[in-house]
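Asker: pasting the sequence and the predicted coordinates here, then a few questions.
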Amino acid sequence: MKKLIDVLKEIMETGFEKAGYDKKYGFVSVSNRPDLCQYQCNGAMAAAKEYKKAPIQIANDVVEVLKEDAAFASIEAVNPGFINIVVSGELLVKQAVAMMTEDKFGVESQGEPKSVVIDYGGPNVAKPLHVGHLRSAVIGESVKRIHRFMGDNIVGDAHLGDWGLQIGLVITELKKRQPDLPYFDENFEGEYPKEPPFTISDLEEIYPYASGYSKEHEDYLLEAQEATAKLQDGVRGHRALWEHILNVSIADLKKNYDKLNVEFDLWKKESDVQPLIPDMVEKMKEDGLAYISEGALVVDVTEESDKKELPPCLIVKSNGATLYATTDLATIVEREEMFQPDEIIYLADKRQSMHFTQVFRVAKKAKLTKEDTKLTFIGFGTMNGKDGKPFKTRDGGVLRLQTLCEDTNEEVYKKMMENREYEEAEAREIAEKVGLAAIKYGDLSNQASKDYIFDLDRFTSFEGNTGPYIMYTIVRIKSLLTKYQQAGGTVVATGEPDKLLAPANESETGLYLTLSKFADMMENAYNEKAPHKICQFIYELSESFNHFYHDNQILGNEDEARKASYIQLLVLVKNVLEQCIDLLGLSAPDRM
């Protein structure tokens with residue numbers, strides 16, 4: 001399906017040609033004066049110099065050619081040479097019919113499907129998810145869904161941190177607490193227990209304690225570093241404990257990500273790529289890329305176009321230890337072997353921008369990817385409290401993500417119960433869906449790179465640009481369709497396009513116009529990897545629908561043909577809204 005603005009552009013180009021001017025001047029834009037018109041063409045202003053005519057004369061010539069075209073309810077030239085356009089109801093219906101009958105509501109593919117890997121989430125094992133993990137998870141999930149909707153073959157990877165000091169700290173503390181465990185007996189030769197000697201709750205207490213203790217006791221930190229080295233050297237007992245930590249942590253992570261409606265295709269780990277590192281590093285040395293500087297192995301990344309010199313990328317420390325950059329580069333090697341991706345996308349705090357600049361440049365210099373493989377970093381801002389500082393608990397600690405979700409659900413539950421009565425189980429189920437919408441929409445409606453304030457009261461409001469407002473709009477439409485069916489009407493899930501009538505008033509026209517922006521919005525959201533553009537569209541569509549709802553008799557309309565048309569419009573709006581919230585990783589309840 002051609003986008004509405006493209007349809008208008010083709011008509012205007014034809015008009016300029018027929019009037020004797022170059023068609024390149026037939027460009028169209030959304031009007032910046034919606035009180036005067038819906039679209040405008042300023043080509044006559046641009047053409048004036050070439051044709052040595054007054055802009056208004058050119059505009060009048062073009063309008064004269066196009067004034068009878070069925071695409072326009074009105075088209076007029078106004079001083080000093082603008083062409084103001086109001087689209088006909090027939091063209092709006094034609095666009096809506098195409099949205100109903102074509103795949104993906106008429107969104108066209110963007111060429112050959114790309115193979116894409118997206119690295120998001122990035123949790124560490126042995127640690128609970130906290131609010132700092134929220135943005136990577138929800139933005140990454142949405143970007144993945146947008147790419148998939150637009151036809152790409154995209155794989156989402158959680159990329160677990162499982163190979164660092166946190167494992168050594170946990171093992172060290174376990175040894176202090178349970179020294180008789182067989183994992184610490186160097187002479188033990190039997191099978192280790194299948195059941196782990198700890199629960200996720202134990203791990204969530206052990207790691208923070210061990211981490212804090214190590215900062216104040218150097219001997220303890222050295223012991224943890226030694227335990228980490230033993231793990232990485234393959235000491236049998238340490239490896240067995242590590243596997244227990246992985247299994248317990250991943251099971252808990254999956255449960256928590258499920259609650260966020262975040263689904264990873266892969267649960268790859270830093271440890272998976274350790275065998276690839278020696279050959280990769282050796283080749284960098286052989287190729288003359290990597291060299292020794294102050295005992296460490298580094299690669300220069302500064303390019304001629306840089307305004308200032310960038311620090312070299314550290315590959316191997318002077319003590320022989322590898323770093324995050326080393327692991328990230330080896331992971332690129334692994335992904336190239338597994339997927340031959342056209343693009344790899346990374347989600348992380350924007351303060352890691354330098355890290356990814358270094359990694360990407362080394363990857364290209366070392367030819368770890370195909371020459372045309374795109375490496376993309378989406379750096380996100382910080383989720384802050386009302387004080388403008390990173391979100392914390394009241395006592396200044398890091399807030400667990402599970403706690404944030406529970407607090408939000410409780411706030412939504414309270415607001416629901418203030419307005420009407422529900423069965424307790426149903427109320428809790430609805431509050432969970434709406435609470436998730438409050439959190440995720442509150443985050444995704446902001447441009448990813450921007451910091452934002454998490455305001456629980458505002459985010460859980462059922463009015464304004466919030467997740468609950470969007471959910472309420474969808475539920476309102478569902479309720480209207482249910483009442484229509486209960487009164488004997490028939491609702492076809494995908495709509496009955498032949499029943500659509502041209503809009504009869506301003507609010508109905510506005511709803512059609514907003515719907516017609518879907519394809520253009522999706523292309524922009526895809527090209528810019530920008531879920532906030534979907535949020536902007538959802539809010540505009542919800543506002544347009546609610547204006548239409550308050551302005552028209554829908555179920556009580558005595559004109560049966562008009563009522564049937566309204567029902568088709570409701571079905572289309574509902575389907576588009578539900579598609580959009582699915583792209584954000586949300587789903588709406590049936591009632592609120």
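Answerer: Great, that's in hand. Residues are numbered from 1 along each chain as shown.
Asker: helices along the stretch 51-200 of the chain, start to end?
Answerer: Ranges of helices within the stretch 51-200 of the chain are 55-66, 89-101, 134-149, 165-177, 200-216, based on DSSP state H, counting those that start in this stretch.
Asker: test my guess that residue 14 contacts residue 23.
Answerer: Yes: using C-beta atoms under 8 Å, residue 14 makes contact with residue 23 at a distance of 7.2 Å. Any C-beta I mention is one placed from the backbone N, CA and C, and that applies to glycine too.
Asker: low-confidence stretches in this structure?
Answerer: Low-confidence segments of the chain, defined by pLDDT under 70: 394, 396.
Asker: residue most distant from the centroid, it?
Answerer: residue 187 (50.8 Å; C-alpha atoms, centre = their mean).
Asker: how far away is that residue from residue 378?
Answerer: 51 Å (C-beta to C-beta, to the nearest Å).
Asker: residue 178 too?
Answerer: 42 Å.
Asker: neighbour count winner among these two?
Answerer: Using other C-beta atoms under 10 Å as the criterion, residue 178 and residue 378 rank with residue 378 on top: 21 against 12.
Asker: let me see the ranges of the helices in the stretch 201-350 of the chain.
Answerer: Going by DSSP H, counting those that start in this stretch, the stretch 201-350 of the chain shows helices at 218-233, 236-259, 277-286, 324-339.
Asker: out of the ones you listed, flag the one nearest residue 429.
Answerer: Taking C-beta to C-beta, helix 236-259 is the member of the helices of the stretch 201-350 of the chain nearest to residue 429, at 12.9 Å.
Asker: which other helices and strands contact that closest one?
Answerer: helix 165-177, helix 200-216, helix 218-233, helix 401-419 (3 or more C-beta pairs under 8 Å, 6 or more residues apart in numbering; DSSP states H and E).
Asker: kindly reformat these as CSV containing distance to residue 538.
Answerer: Shown next, in CSV, are those (distance: least, C-beta to C-beta, whole Å):
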stretch, distance to residue 538
helix 165-177, 39
helix 200-216, 36
helix 218-233, 46
helix 401-419, 18
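Asker: I'd like to know which of those helices lies nearest to residue 59.
Answerer: Of the helices and strands packed on helix 236-259, nearest to residue 59 by C-beta to C-beta is helix 401-419, at 52.9 Å.
Asker: what's the neighbour count on residue 419?
Answerer: For residue 419, using other C-beta under 10 Å, the count is 9.
Asker: tell me the contacts of it?
Answerer: By C-beta atoms under 8 Å, 6 or more residues apart in numbering, residue 419 lies in contact with nothing.
Asker: about what we covered before: point out the most buried one among the helices and strands packed on helix 236-259.
Answerer: Stretch with highest mean neighbour count among those: helix 165-177 (a mean of 22; mean count of other C-beta atoms under 10 Å).
Asker: output it as PDB, restricted to C-alpha atoms.
Answerer: Output of helix 165-177 as PDB, limited to C-alpha atoms (Å, rounded to 0.1, in the frame of the first residue of the first chain):
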ATOM      1  CA  LEU A 165      34.800 -11.600  39.700                       C
ATOM      2  CA  GLN A 166      31.200 -11.900  40.900                       C
ATOM      3  CA  ILE A 167      31.500 -15.700  40.600                       C
ATOM      4  CA  GLY A 168      34.700 -15.800  42.500                       C
ATOM      5  CA  LEU A 169      33.100 -13.700  45.300                       C
ATOM      6  CA  VAL A 170      30.200 -16.100  45.600                       C
ATOM      7  CA  ILE A 171      32.400 -19.200  45.600                       C
ATOM      8  CA  THR A 172      34.700 -17.600  48.300                       C
ATOM      9  CA  GLU A 173      31.700 -16.700  50.500                       C
ATOM     10  CA  LEU A 174      30.200 -20.200  50.100                       C
ATOM     11  CA  LYS A 175      33.500 -21.700  51.200                       C
ATOM     12  CA  LYS A 176      33.400 -19.500  54.400                       C
ATOM     13  CA  ARG A 177      29.900 -20.500  55.200                       C
END
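Asker: neighbouring contacts of that helix?
Answerer: Under C-beta under 8 Å, 6+ apart, the answer for helix 165-177 is 124-127, 181, 183-184, 197-198, 203, 206-207, 209-211, 213-214, 220, 223-229, 231, 238, 241-242, 245.
Asker: quick one: the helices in the stretch 401-550 of the chain, in order.
Answerer: Using DSSP H, counting those that start in this stretch, helices in the stretch 401-550 of the chain cover 401-419, 424-444, 456-459, 467-486, 506-515, 518-528, 531-551.
Asker: next, format the ones you listed as TSV and append distance to residue 163.
Answerer: Below are the helices of the stretch 401-550 of the chain laid out as TSV (distance: least, C-beta to C-beta, whole Å):
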stretch	distance to residue 163
helix 401-419	23
helix 424-444	29
helix 456-459	36
helix 467-486	37
helix 506-515	49
helix 518-528	34
helix 531-551	31
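Asker: tell me which of those lies nearest to residue 1.
Answerer: Among the helices of the stretch 401-550 of the chain, helix 518-528 comes nearest to residue 1, with 6.7 Å by C-beta to C-beta.
Asker: how far does that closest one sit from its chain's centre?
Answerer: From the chain centre to the centre of helix 518-528 is a distance of 13 Å (C-alpha atoms, centre = their mean, to the nearest Å).
Asker: can you pull out the residues in contact with it?
Answerer: 1, 3-5, 99, 105-108, 110, 146-147, 149-150, 530-531, 533-534, 536-537, 576, 583.
Asker: so which of the helices of the stretch 51-200 of the chain gets nearest residue 272?
Answerer: Closest of those to residue 272 is helix 165-177, at 14.6 Å (criterion: C-beta to C-beta).
Asker: neighbours of the closest residue in space to residue 375 that isn't next to it in sequence, how many?
Answerer: Nearest residue to residue 375, sequence neighbours excluded (C-beta to C-beta, 6 or more residues apart in numbering): residue 360, at 4.4 Å. Using other C-beta under 10 Å, residue 360 is surrounded by 22 other residues.
Asker: residue 230 against residue 238, yeah?
Answerer: Yes: the criterion here is C-beta under 8 Å, and residue 230 meets it with residue 238 at 4.8 Å.
Asker: on that earlier part again, starting at the chain centroid, how far to the helix or strand where the residue nearest to residue 375 lies?
Answerer: In the assignment (DSSP states H and E), residue 360 maps to helix 353-365. For helix 353-365, the separation from the chain centroid amounts to 23 Å (computed by C-alpha atoms, centre = their mean).
Asker: list the buried residues of that helix.
Answerer: By 16 or more other C-beta atoms under 10 Å, the buried positions in helix 353-365 come out as 355-363, 365.
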